[in-house]
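**Q** need a structure here:
(4 chains)
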Number of protein chains: 4
Amino acid sequence: MQSLDDTLLTPNRPHVDTRSLAECMEACAACEIACLGCADACLTETDLVALRRCIRLDLDCADICGVTMRLLARSIDGDAKLLRAVVEACARACATCGAECHLHENDHEHCRVCAEACRRCAERCGRVLRDLPDTYGGTHPPEPGNGAEIP
Amino acid sequence: MQSLDDTLLTPNRPHVDTRSLAECMEACAACEIACLGCADACLTETDLVALRRCIRLDLDCADICGVTMRLLARSIDGDAKLLRAVVEACARACATCGAECHLHENDHEHCRVCAEACRRCAERCGRVLRDLPDTYGGTHPPEPGNGAEIP
Amino acid sequence: MQSLDDTLLTPNRPHVDTRSLAECMEACAACEIACLGCADACLTETDLVALRRCIRLDLDCADICGVTMRLLARSIDGDAKLLRAVVEACARACATCGAECHLHENDHEHCRVCAEACRRCAERCGRVLRDLPDTYGGTHPPEPGNGAEIP
Amino acid sequence: MQSLDDTLLTPNRPHVDTRSLAECMEACAACEIACLGCADACLTETDLVALRRCIRLDLDCADICGVTMRLLARSIDGDAKLLRAVVEACARACATCGAECHLHENDHEHCRVCAEACRRCAERCGRVLRDLPDTYGGTHPPEPGNGAEIP
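**A** Have a look, this model is predicted:
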C-alpha cells in the first residue's frame, strides 16, 4: 500500500504516532479481506458444519475492521473516546475470530491465513490504543518525562 | 420498513426482545441516512466553516450506525460482549453527533432532522443494552423473578 | 423510519421524486438486514450444504444494498452516471439473490422473508432508475411534454 | 499488507490472475483511506468552499472502493456480471474523484496523495476488468490461442 504513508504525513493527532496509525489501517484492511475470504472459502469445505462459528465470527470481524479503518482515516477533531472504544472493539473481535480460526488452521490454509491476519490486526490496534489518550488524558504506558513514571 | 419485523420472527437470542432489536436496527439505518444527508447538506451552506465539526461527527456517526445495524442483524452464536461494546459506541456517537447538530438546528432543518435521528438511535441502543447480558450474564435492570431484586 | 422523510425535504435533485428516494433507501436498509439475517440463519440449518449459494449471494447483496443507500443519501453535486451504475448493480444483486432465496422459501421462513425484501428493493431501485437522467440527460419513460414522445 | 497474497493462493476463479486481484484489493483499501483522509483534511483548509465538490466526490469514492474490495474478497460462485458492474463503477468513481483532486494538488498535499491513490485504483480495476469474463464469456483482450484473435 504505497500511497498510504503519504496520506498521513501531516495528521492533526498530537498523541498518535503516524507510523502506528498507517500500520493499523493496513492491518484492518488486510484482516477484513482475510476474514471475508476465509468465510467464503469455509462455505466450500466438506466439514462446513464444523466451520459455522468460524464463518459467523469472520463476518463480524470483517465489519468491525472496516469501520475501524474508516474512523482511523479521519484525523481532525473527532471524539477520542469513541475512537478508543472502536479500536478496542476491533482488537477484541480480532482476538475472538483469530482464536476460532486457530482451531481449524491445521485443516484449512485460509483459516491459518485469517488467524495470522487477526493476530496482526489485534496487535496493531493495541499499539494505537497505547498512544491514544484515555479518559483522563493519560497514555499507556506513560510517555517518558511526563511525571507519571514514579521512580 | 415493512419486511423488517418478519426477518426477526425466530431469533436465537434468548435475552433480547425482538421488537427492541428491530426498532434499533431501523433507528440505526435512519440515523446513518440522516447523518450522511446532513453532512452533504452542510457542504452547501453559506456558514460552512461553522459546520465543520458537524460534518466530521456526522461521518463517524454514520459509519458506526451502519456497522451496529449489521452486527444486530446476526443473531446466532456471536460474541455478546463485542455486540455490547459496539452498541455502546453507537449510542455514544449518536449522543455526540446529536449534541453538535442540536447547536445548529435553528439555522438548518437538516441539522434538526439529524439531531432527532441521533436522539432516537441513542435511545433505541439504550433499550437493547438494557436487555443484553453484561459480563456476568445479568441484565439491567434485572428481569423479575431471577433473585436479583432483593428487598 | 419516521425521520427519513424529513431528511429529504429539500433535496437538490431536480429529476428524482423525493418519495421514490426515501422508499428506495428504506428498501435498501431492509434488504441489507434481511440478507444478513438470512445468511446467519442459513448457517444453523440442517440442509446447510444446499444453502451455500444462498449465503454467498446474501452477503454480496447486503454489501451492495448498504453502499447504494449511502450514495442515495447524498443529494448534491454527485456523478449521476455513477449513481445510476450503482443503483442498477443493486437491482441486479437483489434479483439474483431473491431468485436463489425463492428456491428455498418453502423450507425456510428466513429465505421467504429475504426473497420478499429483495423483490421490494429491486422494484424500488427500478423506480429511482426511471427518474434518474441517463447518459443523454433523458428520463425513462420520458417526462410528459419534453418532446421525446413524438409519434 | 503481508498476509494478503496468501489469502488468495487458491482462489476458485479460473479467469482472474491472483496477483491482479490482490493488487486491486490493496489499491481499493488505500484509495478508501486516501479519500476519507482527503475529505477530512479538506474540512480544515481555508479555501474550504472551493473544496466542496472534492469532499463530496471523496465520500462516494471511498464507499465504492470499500464495497469493491469486499466483493473481490469473495471468490466462489458469485455473479460475475455483478462483480464486473461494481468494479467498473469503482474505476469510474476513482477517475472522477481523481480528476477533481488533481485540480487542487498544487495547493494541497492531501489532494495530490488522493489523486495518486485514485489513479492507481482505477488502473488496478482496469486490469481486473480485462480478466473478468464479459457477458458472452469472452475476455478483453482475448487470451492467446482461444480463436478470437483473427489474423
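
**Q** A:Cys38 touches A:His104, doesn't it?
**A** No - using Cβ atoms under 8 Å, A:Cys38 is not in contact with A:His104, being 9.1 Å away. For every residue, glycine as well, the C-beta is placed using N, CA and C.

**Q** find the residues that touch each one of these two.
**A** A:Cys54, A:Cys111 (Cβ atoms under 8 Å, 6 or more residues apart in numbering or on different chains).

**Q** looking at the two, which is more packed in?
**A** The neighbour count for A:Cys38 versus A:His104, taken as other Cβ atoms under 10 Å in any protein chain shown, is higher for A:Cys38 (34 against 21).

**Q** do you know how far A:Ala27 is from chain C?
**A** 21 Å (Cβ to the nearest Cβ, to the nearest Å).

**Q** one more: A:Ala22?
**A** Here the criterion is Cβ to the nearest Cβ. By it, A:Ala22 lies 25 Å from chain C.

**Q** for that residue, the count of nearby residues, please.
**A** Neighbour tally, A:Ala22, other Cβ under 10 Å: 21.

**Q** ok, now A:Arg53?
**A** Using other Cβ under 10 Å: A:Arg53 sits among 17 other residues.

**Q** in terms of secondary structure, what does whichever strand or helix holds it contact?
**A** Per DSSP states H and E: A:Arg53 is located in helix A:52-72. Applying 3 or more Cβ pairs under 8 Å, 6 or more residues apart in numbering or on different chains; DSSP states H and E, one finds that helix A:52-72 contacts helix A:18-42, helix A:80-104, helix A:109-131, helix B:52-72, helix B:80-103, helix C:18-42, helix D:18-42, helix D:52-72.

**Q** mind putting these into CSV with distance to B:Cys24 and mean pLDDT?
**A** Below are these laid out as CSV (distance: least, Cβ to Cβ, whole Å; pLDDT from 0 to 100):
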stretch, distance to B:Cys24, mean pLDDT
helix A:18-42, 24, 96
helix A:80-104, 17, 97
helix A:109-131, 26, 96
helix B:52-72, 6, 97
helix B:80-103, 8, 97
helix C:18-42, 11, 96
helix D:18-42, 26, 96
helix D:52-72, 23, 97
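
**Q** in JSON lines, list those helices along with distance to B:Cys125.
**A** Formatted as JSON lines, these follow (distance: least, Cβ to Cβ, whole Å):
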{"stretch": "helix A:18-42", "distance to B:Cys125": "23"}
{"stretch": "helix A:80-104", "distance to B:Cys125": "13"}
{"stretch": "helix A:109-131", "distance to B:Cys125": "23"}
{"stretch": "helix B:52-72", "distance to B:Cys125": "7"}
{"stretch": "helix B:80-103", "distance to B:Cys125": "4"}
{"stretch": "helix C:18-42", "distance to B:Cys125": "16"}
{"stretch": "helix D:18-42", "distance to B:Cys125": "24"}
{"stretch": "helix D:52-72", "distance to B:Cys125": "23"}
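
**Q** out of these, which comes closest to B:Ala29?
**A** helix C:18-42 (3.6 Å; Cβ to Cβ).

**Q** centre of the chain to the closest one, how far?
**A** In terms of Cα atoms, centre = their mean, to the nearest Å, the gap separating the centre of helix C:18-42 from the centre of its chain is 7 Å.

**Q** ok, and does it reach over to chain A?
**A** Yes - Helix C:18-42 lies within reach of chain A by Cβ under 8 Å from any Cβ of the partner chain, at C:Leu36, C:Ala39, C:Asp40.

**Q** which other helices and strands does that helix contact?
**A** Contacts defined by 3+ Cβ pairs under 8 Å, 6+ apart place helix C:18-42 against helix A:52-72, helix B:4-7, helix B:18-42, helix B:52-72, helix C:4-7, helix C:52-72, helix C:80-103, helix C:109-131.

**Q** of all these, which one is nearest D:Cys28?
**A** Set against D:Cys28 and scored by Cβ to Cβ, the helices and strands packed on helix C:18-42 come closest in helix A:52-72, at 11.5 Å.

**Q** pull out the buried positions in that closest one.
**A** For helix A:52-72, the neighbour count (16 or more other Cβ atoms under 10 Å in any protein chain shown) marks A:52-72 as buried.
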